[in-house]
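Colleague: Fold the following for me, if possible:
(one chain, ligands or ions: 2)
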Amino acid sequence: MPKGFIFDLDGVIVDTAKYHFKAWQSLAKNLQYNFTEQDNEQFKGVSRVRSLELLLEMAQYKATQEEKEHWLTEKNDHYLSLISNMNASEILPGITEILTALKAQKIPIALGSASKNAKPILKKVGLLSYFDVLVDGNEVAKAKPDPEVFLTAAKGLGVAPENCVVFEDALAGVAAAKAAQMVCVAIGDPAILFKADHCFASTAEITPSFVQSLIA
Ligand code: BG6
Ligand code: MG
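Modeller: Ligands and ions are numbered 1, 2, ... in the order given. Got it, this is the predicted structure:
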């Protein structure tokens, strides 16, 4: 059975989760809300628009449509300034090795991300050429935890969903992968990401033999 591998971007390939956190945190400050790392767990894998809605709920602020649009732009501008100098040094440990091993075995690789900034980030860190298919926030209508992003990626790869392996760091992403009937490898806290089939505290702990076992 041919296998396909699908990678989330933020928090799996690159350490951008910390920049998203910083940008939301400074917006929260304007709303007099103390946005914590714990709050941020709910934002991982979630679209920009939905993230703002969550923040407004947390801050108990009823915003006008104009305010919402203004803050979405402000958040993204801040995020873009934080990632402006990103380079290959921000690729998470072991990821280039995993992608290289998959490529060498001609295993098709897709990106399955909620981000609308995915392509420029992959370009910045020099990983774009590894991906056969890119599915990001510009393409999907239904955000994670809906499985659409991963099902679209599997279709693009020409691999049946049950033969796809997803790498995810977000609660919403793990739920999306499982809803798509895919094998899910999570990166993060196993107490939070317990619905995944495998969980590693960091990408550095994913061994080449584990990756081989997913292909076999
Ligand atoms: C996900 C991140 O990958 O992309 C979320 O985990 C983020 O934190 C979402 O909100 C949307 O990203 P962007 O770059 O389009 O704002
Ligand atoms: Mg992520």
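Colleague: and the longest helix for the protein?
Modeller: Longest helix in the chain by number of residues (criterion: DSSP state H): helix 65-82.
Colleague: Show me what that one is in contact with.
Modeller: For helix 65-82, contacts defined as C-beta atoms under 8 Å, 6 or more residues apart in numbering pick out 19-20, 22-24, 26-27, 48-49, 52, 56, 63, 117. Any C-beta I mention is one placed from the backbone N, CA and C, and that applies to glycine too.
Colleague: Could you turn the buried ones of those residues into a PyMOL selection?
Modeller: In PyMOL, this line selects whichever of the contacts of helix 65-82 come out buried by 16 or more other C-beta atoms under 10 Å:
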select buried, resi 19+20+23+24+27+48+52+56+63+117
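Colleague: ok, which of the contacts of helix 65-82 also contact ligand 1?
Modeller: Near ligand 1, judged by C-beta under 6 Å from any ligand atom, the entries from those are 20, 48, 117.
Colleague: residue contacts, the second one?
Modeller: To tie it back to what came earlier, the one meant is residue 48. Shown in contact with residue 48 (C-beta under 8 Å, 6+ apart): 72, 75, 76, 116, 137.
Colleague: Pull up the gap between it and residue 119, please.
Modeller: Separation of residue 48 from residue 119 (C-beta to C-beta, to the nearest Å): 16 Å.
Colleague: Report whether the helix or strand bottoming out on mean pLDDT in the chain contacts ligand 2.
Modeller: When each helix and strand of the chain is scored by mean pLDDT, DSSP states H and E, helix 37-41 comes last, with a mean of 92. No. Contact of helix 37-41 with ligand 2 (C-beta under 5 Å from the ion) is absent, the minimum separation being 11.0 Å.
Colleague: List of residues touching that helix?
Modeller: Outside helix 37-41, the residues within contact range by C-beta under 8 Å, 6+ apart are 17, 20, 21, 24, 25, 58, 171, 192.
Colleague: do stretch 151-163 as well
Modeller: Residues contacting stretch 151-163 (C-beta under 8 Å, 6+ apart): 1-4, 6, 108-112, 132-133, 135, 139-140, 150, 164, 180-182.
Colleague: Inside helices: which ones of these?
Modeller: residue 150.
Colleague: of the contacts of stretch 151-163, buried ones?
Modeller: Buried among the contacts of stretch 151-163 (16+ other C-beta under 10 Å): 3-4, 6, 108-112, 132-133, 135, 140, 150, 164, 180, 182.
Colleague: Among those, which pair sits farthest apart?
Modeller: Across those, the longest distance by C-beta to C-beta is 22.4 Å; it joins 3 and 140.
Colleague: May I have the phi/psi pair for the residue in the chain positioned nearest to ligand 2?
Modeller: As assessed by C-beta to the ion, ligand 2 sits closest to residue 11 within the chain, at 3.7 Å. The phi and psi values for residue 11, taken as degrees, to the nearest 10, are phi 90, psi 0.
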